[in-house]
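Q: Fold the following, please.
(2 chains)
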2 protein chains.
Amino acid sequence: MSLLVTGSIGIDTVTSPFGRAENVLGGSAVYFSFAASYYVPVRLVGVVGEDFPADFRDLLGTRRIDTSGLEIRKGSRTFRWTGKFEGDMNEAQTVEVDLNVLAERGPRVPSQFADSSTVFLANTHPTLQRELLSQLHSPKMVVCDTMNLWITTEHESLLETFRKVDGVILNDGEARQLTRRTNLIDAAEAIRELGPKFVVIKKGEHGALMVGIDGPVALPAFPTREVRDPTGAGDSFAGGFLGYLCSQGNMSHETLKMGLLRGTVAASFTIEDFSLRRIERLSKDELESRVEKYTRMLRFDAA
Amino acid sequence: MSLLVTGSIGIDTVTSPFGRAENVLGGSAVYFSFAASYYVPVRLVGVVGEDFPADFRDLLGTRRIDTSGLEIRKGSRTFRWTGKFEGDMNEAQTVEVDLNVLAERGPRVPSQFADSSTVFLANTHPTLQRELLSQLHSPKMVVCDTMNLWITTEHESLLETFRKVDGVILNDGEARQLTRRTNLIDAAEAIRELGPKFVVIKKGEHGALMVGIDGPVALPAFPTREVRDPTGAGDSFAGGFLGYLCSQGNMSHETLKMGLLRGTVAASFTIEDFSLRRIERLSKDELESRVEKYTRMLRFDAA
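A: Predicted structure coming up:
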């Protein structure tokens, strides 16, 4: 099984009540790749500008991340995002965004990646998501994310993308906006009627809800006081989730559940420090130890 | 072990997007008693007016609820509450409230109840909570609830009550208001510094968080599409929680965890229909079957 991700690769500046990080590595595909690389090698497809720091490329090279699909486009500039977290830290406020190279033509999937079995289409224009998907031979598991902007402005195109994927990961606000249902199980079922076999709704500090053929599964977030920068939590969640699914090679109910657990734990590390700092120094043993701790928290032996 | 509860007993009128129930039985002590009675007999202490319908008293009599501490006060009227739920149904809006008999002197604890081992002081004026507590010989487990009003207007008295209890159950908004901490584990730890050994924070559709000596435990709500009337969910939660604790006779980490599970499941039934309608027809077998389903949802055998 081989996992391909395509999404943004960017330079972030983030402020939270716990500090500020300027011009650090970010982007949905980056967070996803780091989290997924604990389970399977990752094929990264994305485009940056010629201003993309060599250090950042080196950092990607420290993991099982194949960057041969990373295009460094001459004459273009890398995507930049400036955001801040306040109050309950559940949602980022965008201070400034420069799409730069992301507003140009999309990246190409290298021919040696065309046989990828598992694909994550991180949030981007839904038409571009399908374009990328069409370059793959016959993926077995395709999951996409989206955002409020496309729900509003590209509704039909988004539905077309949903018809081509096995699973959708999105947050609670997006699920409600898309379906106009308040109850999140209702919202997830409404999205499943559009095509996907399963829907994962991310609820930030409140955990996640998954609805598949075998009914709903709700999990809490890993309870922690260490929350410095939630940037990338959702993409790390997706990385842990789909990395695990890819390693198992199936989408059974039990595998999806365990994927949720792995996604939850990945996100819990990402938020502990700015940018990728925490996950950069995260060992597989530390990861497994938290998986065990979280599993034990949810275990009721006497029942 | 014997469980005593004191709190409101009222006549409610509730509107939600799913209908309306007029002049139905309600009140914190009532919801608590029904949920707790699945685990232990309950001693109910409260006061109503002479308008309290005989039907309601009969309904209490269908369970293991000892109503010899229920005072029917001549010349007084029963507490009445009118509320509605809208949107995400997470919080009730109070349309009208008539304290009536609750604004008069509190009820007395009958002498045959003075030996109660376990006590739940449902939300009421914190001074009244202590008055009731002082009528008991030497309870082993005392848990209280509170509300935003007392946090604002009776802060010192509330802290005095907190010094006398083993555990506090309150909702997320109240925990944040009381402690001015955003992170809920921080908030719970701040409350523990005031005296209680454990704090349970109720988060409505997002589940519950408990912080005791052995660190935090987070649990999701039982995922359900059946949400018609959340009135009493928090008190049913407390009833399932403390009823279970009383049946076990200890406050160990594992017992507290299992109590959270029992509280979560009790609340999930209460919200399925208006007033006590669902829990009225709930068998012990149905309850245990959902406990098993919820436990299975949270079990990760392969980890």
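Q: Going by C-alpha atoms from here, please, whenever you check contacts or count neighbours.
A: OK.
Q: For chain A, just list every one of the helices.
A: For chain A, the helices identified by DSSP state H occupy A:28-36, A:54-61, A:126-133, A:148-153, A:155-162, A:172-179, A:184-192, A:233-248, A:253-270, A:277-280, A:284-297, in order along the chain.
Q: Just the closest residue of the stretch 151-300 of chain A to chain B, please.
A: Chain B sits closest to A:Pro220 of the stretch 151-300 of chain A, with a gap of 5.1 Å, by Cα to the nearest Cα.
Q: Which pLDDT does the model give that residue?
A: The predicted structure scores A:Pro220 at 98 on the pLDDT scale.
Q: Next up, phi/psi of it, please.
A: Torsion angles at A:Pro220 (phi, psi; degrees, to the nearest 10) stand at phi -80, psi 160.
Q: Quick check, pLDDT for the nearest residue to it once chain neighbours are set aside.
A: Closest residue to A:Pro220 in three dimensions, ignoring its sequence neighbours and counting by Cα to Cα, 6 or more residues apart in numbering or on different chains: A:Gly207, at 4.1 Å. A:Gly207 carries a pLDDT score of 97 in this model.
Q: Tell me, how many residues neighbour A:Gly207?
A: A:Gly207 has 22 neighbours, counted by other Cα atoms under 10 Å in any protein chain shown.
Q: ditto for the one 4 residues further on
A: For A:Val211, the count of nearby residues is 26 (other Cα under 10 Å).
Q: Give the buried residues for stretch A:47-59.
A: Along stretch A:47-59, these residues count as buried under the neighbour rule (16 or more other Cα atoms under 10 Å in any protein chain shown): A:Val47, A:Val48, A:Gly49, A:Glu50, A:Phe52.
Q: ok, now stretch A:92-104?
A: Across stretch A:92-104, burial judged by 16+ other Cα under 10 Å covers A:Ala92, A:Val101, A:Leu102.
Q: how close does A:Lys202 sit to A:Gly234?
A: Taken as Cα to Cα, to the nearest Å, the spacing of A:Lys202 relative to A:Gly234 amounts to 7 Å.
Q: what's the answer for A:Val119, then?
A: For A:Val119, the distance to A:Gly234 (Cα to Cα) stands at 16 Å.
Q: how about the strands in the stretch 1-150 of chain A?
A: A:3-6, A:10-16, A:19-26, A:42-49, A:65-73, A:79-84, A:93-98, A:118-121, A:141-144 (DSSP state E, counting those that start in this stretch).
Q: how about the residues of the stretch 151-300 of chain A near chain B?
A: A:182-183, A:185-186, A:206-207, A:216-225, A:258, A:291-292, A:295, A:297-300 (Cα under 8 Å from any Cα of the partner chain).
Q: Any of those residues buried? List them.
A: Using 16+ other Cα under 10 Å as the burial test, these include A:182-183, A:185-186, A:206-207, A:216-224, A:258, A:291, A:295, A:297-300 as buried.
Q: where's stretch A:189-205 relative to the chain centroid, distance-wise?
A: Using Cα atoms, centre = their mean, to the nearest Å, the mean C-alpha position of stretch A:189-205 is found 14 Å from that of the whole chain.
Q: Spit out the contact partners of the residue nearest to the spatial centre of chain A.
A: Using Cα atoms, centre = their mean, the residue of chain A that lies closest to the mean C-alpha position is A:Asp235, 2.4 Å off. Applying Cα atoms under 8 Å, 6 or more residues apart in numbering or on different chains to A:Asp235 gives the contacts A:Ser28, A:Ala29, A:Tyr31, A:Phe32, A:Ala122, A:Ala267.
Q: Likewise for A:Tyr294?
A: In this structure, A:Tyr294 makes contact with A:Phe222, A:Val265, judged by Cα under 8 Å, 6+ apart.
Q: try A:Leu158
A: Contacts of A:Leu158 were listed using Cα under 8 Å, 6+ apart, and they are A:Pro126, A:Thr127, A:Trp150, A:Ile151.
Q: how near is A:Val199 to A:Lys257?
A: As for A:Val199, its distance to A:Lys257 is 12 Å (criterion: Cα to Cα).
Q: A:Arg43 too?
A: From A:Arg43 across to A:Lys257, the span is 24 Å (Cα to Cα).
Q: quick one: contacts for the nearest residue to A:Gly204 once chain neighbours are set aside?
A: For A:Gly204, the nearest residue in space outside its immediate sequence neighbours is A:Asn90; the separation is 6.1 Å by Cα to Cα, 6+ apart. When contacts are counted by Cα under 8 Å, 6+ apart, A:Asn90 is found next to A:Gly204, A:Glu205, A:Pro230.
Q: go with 10 Å
A: Applying Cα atoms under 10 Å, 6 or more residues apart in numbering or on different chains, one finds that A:Asn90 lies in contact with A:Lys203, A:Gly204, A:Glu205, A:His206, A:Asp229, A:Pro230, A:Thr231.
Q: Looking at those, which are in strands?
A: Using DSSP state E to define strands, no part of the contacts of A:Asn90 is located there.
Q: Which of those residues has the largest number of neighbours?
A: Counting by other Cα under 10 Å, A:Thr231 has the largest number of neighbours within the contacts of A:Asn90, with 29 neighbours.
Q: From A:Tyr31, how far out is that residue?
A: Look at A:Thr231 and A:Tyr31: by Cα to Cα, they are 9 Å apart.
Q: Then A:Ile185?
A: Applying Cα to Cα to A:Ile185 and A:Tyr31 gives a distance of 27 Å.
Q: for chain A, what are the low-confidence residue spans?
A: For chain A, residues meeting the criterion pLDDT under 70 lie at A:302-303.
Q: try 50
A: Per-residue confidence of chain A (counting by pLDDT under 50) places the weak regions at A:303.
Q: separation between the residue nearest to A:Pro220 and A:Ala187?
A: 16 Å.
Q: now swap in A:Gln93 and tell me
A: Distance check for A:Gln93 against A:Ala187: by Cα to Cα, it reads 25 Å.
Q: same check, this time on A:Phe237
A: As judged by Cα to Cα, A:Phe237 and A:Ala187 stand 20 Å apart.
Q: out of the two, which sits in the busier spot?
A: The neighbour count for A:Phe237 versus A:Ala187, taken as other Cα under 10 Å, is higher for A:Phe237 (29 against 22).
Q: tell me the contacts of the more buried one?
A: Contacts for A:Phe237 (Cα under 10 Å, 6+ apart) come out as A:31-32, A:35-36, A:169, A:202, A:208, A:243, A:259-268, A:270.
Q: Can I have the buried ones of the residues you listed as a PyMOL selection?
A: Selecting just the buried residues from the contacts of A:Phe237 in PyMOL takes one command, with 16+ other Cα under 10 Å as the test:
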select buried, chain A and resi 31+32+35+36+169+202+208+243+259+260+261+262+263+264+265+266+267+268+270
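Q: which ones are touching the nearest residue to A:Ser8 once chain neighbours are set aside?
A: Nearest residue to A:Ser8, sequence neighbours excluded (Cα to Cα, 6+ apart): A:Gly27, at 4.8 Å. Residues touching A:Gly27, when contacts are defined by Cα under 10 Å, 6+ apart, comprise A:7-12, A:79-81, A:122, A:231-232, A:235, A:275.
Q: List buried members of those residues by neighbour count.
A: Of all these considered here, the ones buried according to neighbour count by 16+ other Cα under 10 Å are A:7-12, A:79-81, A:122, A:231-232, A:235, A:275.
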